[in-house]
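J.: Got a sequence here, can you build the structure:
(chains A and B)
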Amino acid sequence: MKDQVSIGIIGAGIMGQKHARIYTEMESARVVGIADIDGSKAEELAGRYKVPRAFDSYSQLLEMDELEAVHVATPDFAHKEPVKDALAAGKHVLVEKPLATTVADAKEIVELSRQTGKHVMVNYTHRWAAPYAQTKNVIAAGKLGDPVMVYAKKDDTLWASTEMMSWTARTSSASYLSTHDLDLVLWWLDTDVEHVYALGVKNVLQKRGIDTEDAIQALVRFTNGAVGTFESCWVLPKSMPVTTDSYIEVIGTEGAIHIDRLHEGLKVATKDAYTYPKLSLGCEIFGRLQGGMQMCLEHFVDAVRGGEKPQPDAEHGLKIVKVSVAIQKSIATGGVVYTESL
Amino acid sequence: MGSKAGSEEKLTVGVIGAGKLGKAHARVYSELPEASLYGVADIREEAARELAAAYGCKHFADYRGLLDSKEVQAVSVATPDHLHREPVVAALEAGKHVIVEKPLATSLEDAGAIVEAQKKSGRFLMVNYNNRWAFPYTKVMNLVKDGEIGSPLMSYAKKVNSIKNPTKLLKWADETSSVHFLSTHDIDMIRWYIGEPDAVEVYAGGVKKVLAAKGFKTLDGAQAIVKWSNGVVSTFESAWILPEKNPSGVEGYVELIGSEGVLHLDRREELLVYTNDRSGFQSPRVSMGGEVNGKLQGALKWSQEHFVQRVLAGKAPDITAEAGYRIVEIACAIHRSIDEGGVVKLPL
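T.: Model prediction:
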C-alpha cells in the first residue's frame, strides 16, 4: 500500500475500464477516483474495482490532493481539455492515443508539459507487445541494416466503426488506427515523416450515414530516405475471426522482418464462431490482465514514482499528429503534403 | 483466322529467346498435343542449339531465320523485358501470331509500337501474364465474380525477390526494374479483378541504396498508389533486395478489400516448407505449377495452352496488346512519379 502511485481515470468507456482493472491489479498503483460525464458510468466502474470516489466532472477529480497522475481515456477529439487541466493542476498525464486531433492542440500540450515539468505520455501500448518490442531489438542491433521500405496495415471490422465507437465520423481510420503503426515505425527507424500522399475510399460507411473513409492508404517519405505505406480500414465484415488485422513489414538493406498479427498463434473453433483471440496486448493469466497494455501502464507508473521521463512523450505524440493531419489534408486536396508546413 | 497446320490440327510454333522462360515455353509446346515445336532462336547460338537438341527441332542464331520459315504460324517471345519490341514487331509483320512474355515492354513507345504493329498485322498477340491461370489467383477472380466481397474498394499487392535475382540470376537488371519485372504481374491481376478500369492517377516512391552500392542503376524497390477510374485505390509494392536466407526467392501477397468482404492471398510461405542444413529453411513455390508425372502442369502450361487453343480456333486470346499497353503505362507512370516526384495523371 505504501509508495503506491495514486491514479485518477478520466473516461469510463472501453479503454477506461481496461485501465481501471490493470491499475487495480498493479502493486505499485491504486485508483483513487474515476470521472465520466456520465456519472453513472463512473460510479459503476468505481464500484467494480472498489475505487473510493466517482465523479461526473473531471475537475472535481483533479481537486483530490492525493492524486498524483491521471489517465485520460476520453474520445480522441476530447483529449486536450482534460490533459491541459490535469497538467495545470500539477498532475502527470497518461493520455490515450492520439495526443490530440489538431497540431495546435498537440503543440499546446507539449508546451504546457514543459512549463509545468509534469510528464505527458501517450498510450502507444503496442511498443510493449512482444512482436513489436523484439522488432525494435532486431533493428537496433543492426540486423536489418538500414530500413528502406515499410508497409503497415491495421484493418478493423465494421463492429469497430459502427458498434464499438459512437464518434466514428469525428475521426478517420488513419487517425484512429494507423497512428499506432506510425508510432511504432518512427520509433523503430528513429526518423520522422517528411511528406505524405494519401487516398481514401468512401462507400460503406457513407451509405450508413457515417461520413468518413472506409479505408485509407498513405504513402510517406521518411526524413531518412525510406518509403512507407500505412493502410487503415474499418469496414471488414464482422465475421472476420478477429476484429483487427494487423501487419507490418520492414525491408532493410541487409534483412527484412514481418509481423503478421492476423492471428497470434491461437485459433478457436466452436459451434458459434471461428476466432483468433488477441493475446500480446492483453491476456488474462492466472486472474491478472497481463501483456503489452499492462507493461505500458506500468512504465508510466514507474516514471511517476521514479521521476524519469516516460516515453513516448508529448513531443513524439506531436510528430504523429502532424502525419495524421497531413494524411487527411492530402486526401482532401489530392496533393502531396509536407509535415513541416503544418 | 483459323489455320490447320499439317495434319491433326496442330499449331506450328517457334520460340525466340532460349533463356529460363524460353526453355519453359519450349518444354510446354513439346508436351502440348496441339502444338508442334519447329525451332528456337537465340543470339547466343550455343543456347539455341542446346535447347533445340533437347526437343529435336531446328535452331537459329538470328530469329529472322525462324520468322522466314513459312511453316511457323506462331512464336513465343521470351527475350529480356526491354528487348521485346523488335522480335514481336518483326514476328507480327511476318504474319505470325505472338505470345510475348510480360511486361509487353519497358517503355511506352515500345508498347505503342507493338500495339500498332498488332493492329496492322491482323494477327493475335497475347501478353503472358500467366499468374491469371494459377489456381489461387483464379480462385480469387471467381470469388470476386460471385460477389463474395461485394464491390472492390482497396487493394494491396506486393511481390518481392531475393537479392539473388537482380544480382545473379538476371543479367539485365539495370534494363528493367522491380516495377516492370515484378509489380506488373500484380497490376495486371488487380486490374483484372476490379473490372479492368483505367488508372487515373499514380504516386510512387522508390528506394536506391543496396543495388546502387553494388554498382547497379536500378531501384531496390518501390511503392506506388494507383487511383482507378472506378474509385478503387491500390498500392503496389515491389523490391528485390531480400536477403538470400529468405525461405524463398520470390514472395507475394495480395489483399482485396470489398464493400462486403475481404480476401488475402498469402504467398509468403507457400503451403510447403522443408528444412535441411544444406538448403536451410525453404518454402518452395507451388502455386504456379510444376512437374507432375513427368509433364509440366499448372499455370505455366495453361496460359500457353490457352494461346494455342485460341489461335487454332481463330479467336483472340485473353490479355491483348491493348491490355499489355495499359500495364506498361502504369509502370511508366510509377517511374515518372519516382523520378520527378509528385502525382502523375493518366493517360500519359
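J.: next helix or strand past the one helix or strand residue A:296 maps to?
T.: According to DSSP states H and E, residue A:296 maps onto helix A:292-306. Using DSSP H and E, the helix or strand that directly follows helix A:292-306 along the chain is helix A:314-333.
J.: what's the helix holding residue A:296 packed up against?
T.: strand A:5-10, helix A:14-25, strand A:69-72, strand A:92-95, strand A:120-122 (3 or more Cβ pairs under 8 Å, 6 or more residues apart in numbering or on different chains; DSSP states H and E). For glycine as for every other residue, the C-beta is placed from the backbone atoms N, C-alpha and C.
J.: Mind telling me which residue of chain A is nearest chain B?
T.: Closest to chain B within chain A is residue A:227: 3.7 Å, counting by Cβ to the nearest Cβ.
J.: residue contacts, that residue?
T.: The contact partners of residue A:227, by Cβ atoms under 8 Å, 6 or more residues apart in numbering or on different chains, come to A:148-150, A:219-221, B:205-207, B:222-223.
J.: And the residues you listed, which is closest to residue A:292?
T.: Comparing these against residue A:292 with Cβ to Cβ places residue A:150 closest, at 20.3 Å.
J.: Please report how far the closest residue to that closest one other than its chain neighbours lies from residue A:213.
T.: Once flanking residues are discounted, residue A:150 sits nearest to residue A:228: 3.6 Å by Cβ to Cβ, 6 or more residues apart in numbering or on different chains. From residue A:228 across to residue A:213, the span is 19 Å (Cβ to Cβ, to the nearest Å).
J.: just residue B:192 next, same as before
T.: Residue B:192 sits 25 Å away from residue A:213, going by Cβ to Cβ.
J.: Have a look at these two and say which one is more surrounded.
T.: Per other Cβ atoms under 10 Å in any protein chain shown, whichever of residue B:192 and residue A:213 has more neighbours is residue A:213, with 27 against 19.
J.: The more buried one: helix or strand, and which one exactly?
T.: With DSSP H and E as the criterion, residue A:213 is inside neither a helix nor a strand.
J.: hang on, the earlier thing: give me the angle between the helix or strand where the residue nearest to residue A:150 lies and helix A:314-333.
T.: Using DSSP H and E, residue A:228 maps to strand A:227-236. Using axes from the mean of the first three to the mean of the last three Cα atoms, to 10 degrees, one finds that strand A:227-236 and helix A:314-333 are set 70 degrees apart in direction.
J.: pLDDT on the helix or strand that strand A:227-236 is followed by, on average?
T.: Next helix or strand after strand A:227-236 toward the C-terminus (DSSP H and E): strand A:244-252. Mean pLDDT, strand A:244-252: 98.
J.: Within its sheet, name the partner strands of strand A:244-252 and how each one runs.
T.: strand A:147-157 (antiparallel), strand A:256-260 (antiparallel) (DSSP bridges).
J.: what does the last one contact?
T.: In this case it means strand A:256-260. A:131-132, A:135, A:138-139, A:144, A:246-250, B:160, B:242-243, B:246, B:268.
J.: Please repeat the previous calculation with a cut-off of 7 Å.
T.: A:131-132, A:135, A:138, A:144, A:247-250, B:242-243 (Cβ atoms under 7 Å, 6 or more residues apart in numbering or on different chains).
J.: What residue spans form the domains of the chain?
T.: I went with chain A, as the question did not name one. A:5-124+A:289-311, A:127-283+A:320-341 (automatic domain parsing).
J.: my bad, the chain I had in mind was chain B
T.: Split by automatic domain parsing, chain B gives B:11-129+B:295-318, B:132-288+B:328-345.
J.: Out of those, which gets nearest to residue A:73?
T.: Checking these against residue A:73 by Cβ to Cβ gives domain B:132-288+B:328-345 as the closest, at 29.4 Å.
J.: Give the helix, strand or coil label for residue B:234.
T.: strand (DSSP: H, G, I helix; E, B strand; the rest coil).
J.: For it, give me its contacts.
T.: Residue B:234 makes contact with B:155, B:190, B:226, B:228 under the criterion Cβ under 7 Å, 6+ apart.
J.: hmm, try it at 8 Å
T.: B:154-157, B:190, B:194, B:225-226, B:228.
J.: wouldn't residue A:127 be in contact with residue A:186 here?
T.: No. Look at residue A:127 against residue A:186 with Cβ atoms under 8 Å: they stay out of range, at 11.0 Å.
J.: Look up how far chain A lies from residue B:82.
T.: Residue B:82 sits 24 Å away from chain A, going by Cβ to the nearest Cβ, to the nearest Å.
J.: That residue falls within a strand, correct?
T.: No. Under three-state DSSP, residue B:82 sits outside any strand and is assigned helix.
J.: Number of residues surrounding it?
T.: By the criterion of other Cβ under 10 Å, residue B:82 has 17 neighbours.
J.: Not counting sequence-adjacent ones, nearest residue to it?
T.: Once flanking residues are discounted, residue B:82 sits nearest to residue B:175: 4.1 Å by Cβ to Cβ, 6+ apart.
J.: For residue B:297, grab the count of nearby residues.
T.: Close neighbours of residue B:297, defined as other Cβ under 10 Å, add up to 14.
J.: Contacts only, for it.
T.: By Cβ under 8 Å, 6+ apart, residue B:297 lies in contact with B:289-291.
J.: Correct me if wrong: residue A:103 contacts residue A:323.
T.: No. With contact defined as Cβ under 8 Å, residue A:103 does not reach residue A:323; the gap is 10.3 Å.
J.: who's more crowded, those two?
T.: Per other Cβ under 10 Å, whichever of residue A:103 and residue A:323 has more neighbours is residue A:323, with 27 against 16.
J.: That one against residue A:196, yeah?
T.: Yes. Residue A:323 is within contact range of residue A:196, at 6.5 Å (criterion: Cβ under 8 Å).
J.: ok and the residue in the stretch 201-348 of chain B nearest chain A?
T.: Closest to chain A within the stretch 201-348 of chain B is residue B:205: 3.7 Å, counting by Cβ to the nearest Cβ.
J.: Brilliant, that's me finished.
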